[in-house]
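Undergrad: sequence and predicted structure below; questions after.
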Amino acid sequence: MNNYYDYAASTPVSNAVLDAMKPWYREHFANPSASHVEGRKAAKAIEEARVVIADKIGAMPSEIIFTSGASEANNMALKGVAFQFLNEKCHIITSSIEHKCILNTCEFLESIGFDVTYIRPNNNGEISSEDVKNAIRTDTKIISIHHINNELGTIQPIAEFGAIAFDNEIIFHTDAAQSFCKLDINVDDMDIDMLSLSGHKIYGPKGIGVLYVREARYTGLVPLIHGGGQEGGLRGGTSPTPLMVGLAAAVQDYPTKVSEQEHHFLGVIENFKWVRNGGDHVVSTTWSLTFESDDEVKRFTQEHPWLISQGSACNALSNVASHVLTAIGFDDALARRTYRISLPPHHINGD
């Protein structure tokens, strides 16, 4: 679709991913927990996929826990830590511009007695390391701040957050759904203890994601889904071999070059009057644009009926300004003239 400019919400499945998945739907469909030869074949494919993903972020394969997506992974990270402190409760630090699955999880945890501090961004959507450091309390157990904001494209200094957490013996988690494969990530260099990612943001299938958990076999993380011991006992349920294989194929086949669609966008957008939001440290494939006037919005949407969004997909059914735009000081009028145009993703550092 040449008029599709909502890749931050979801990407198409690549041909390489489809080809990698097909045999595991029809020919090698056995349950990977089965002890017979076909089960072992599926189990081997899953472990090979785990290696591919682990290598991409500098982790060990045993630290890769497959989930249904980044939303489940984010829930598992926050609740998995918090549920260790159900009696005495604890303190959690996050930001006010996280994905809704983080914010709604924190709201739930607050409803059962946990304390949450929401760091507010500056007008560019940047979270201050100093603010994170100042928010730490003696009972802080986890800091969770995203890598790239899904609406603005702002890149957060997660290595700084990780160092602060490490120095204070606090678990650091980051939602990397918008940065995985786009930016270089090394969990050791960045002091990341847990990291969430999703398949359908990188040309992989929907319904599959990962939570990286440092030393997963020895963690006290409390599972959300109890089952037959899959994923090191941290995530029960029959392993979806095709989806896991597809996620690994997406990592291996991830593009490194700027798309023609991106070149086309840059040529079009220069003919309109707008301001780009997000500051100087933004990912090149996500553009949050506030048009100068309602007339300019009308002219753009009439001349270029692209499939774009106002805010993120999780806000699409709401008539109010997104929490991200509100947090950076936008009123309703500015928010109405603001659109997210997200281009086909590629490895930014590979340009």
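TA: The structure has been received and is ready for your questions.

Undergrad: which element is residue 261 on?
TA: Per DSSP states H and E: residue 261 is located in helix 260-269.

Undergrad: which residues does that helix contact?
TA: Taking contacts as C-beta atoms under 8 Å, 6 or more residues apart in numbering, the residues outside helix 260-269 that touch it are 2, 5, 284-285, 287, 289, 304, 341, 343-344. The way it works is simple: take the backbone N, C-alpha and C, and place the C-beta from them, glycine included.

Undergrad: for the very next helix or strand once past that helix, packing partners?
TA: Using DSSP H and E, the next helix or strand after helix 260-269 towards the C-terminus is strand 274-277. Strand 274-277 sits against strand 286-291, with contacts defined as 3 or more C-beta pairs under 8 Å, 6 or more residues apart in numbering; DSSP states H and E.

Undergrad: now do the buried residues in the helix or strand just after the strand it packs on.
TA: Next in sequence after strand 286-291, counting helices and strands by DSSP H and E, comes helix 294-303. For helix 294-303, a neighbour-count test (16 or more other C-beta atoms under 10 Å) marks 297, 300 as buried.

Undergrad: what packs against helix 294-303?
TA: The contact analysis (3+ C-beta pairs under 8 Å, 6+ apart) places helix 294-303 against no helix or strand.

Undergrad: could you tell me the angle between that helix and helix 260-269?
TA: In terms of direction (axes from the mean of the first three to the mean of the last three C-alpha atoms, to 10 degrees), helix 294-303 departs from helix 260-269 by 140 degrees.

Undergrad: can you list contacts of helix 294-303?
TA: Here helix 294-303 makes contact (C-beta under 8 Å, 6+ apart) with 272-274, 291, 336-337, 339.

Undergrad: give me the distance from it to the chain's centre.
TA: 31 Å (C-alpha atoms, centre = their mean, to the nearest Å).

Undergrad: downstream of it, the next helix or strand is which one?
TA: According to DSSP H and E, the helix or strand after helix 294-303 is helix 323-327.

Undergrad: now do the buried residues in that next one.
TA: For helix 323-327, burial by neighbour count (16+ other C-beta under 10 Å) applies to 323-325, 327.

Undergrad: which parts of this structure are helices?
TA: For the chain, applying DSSP state H gives helices covering 15-26, 37-57, 70-82, 100-111, 129-135, 158-167, 241-252, 260-269, 294-303, 323-327, 332-336.
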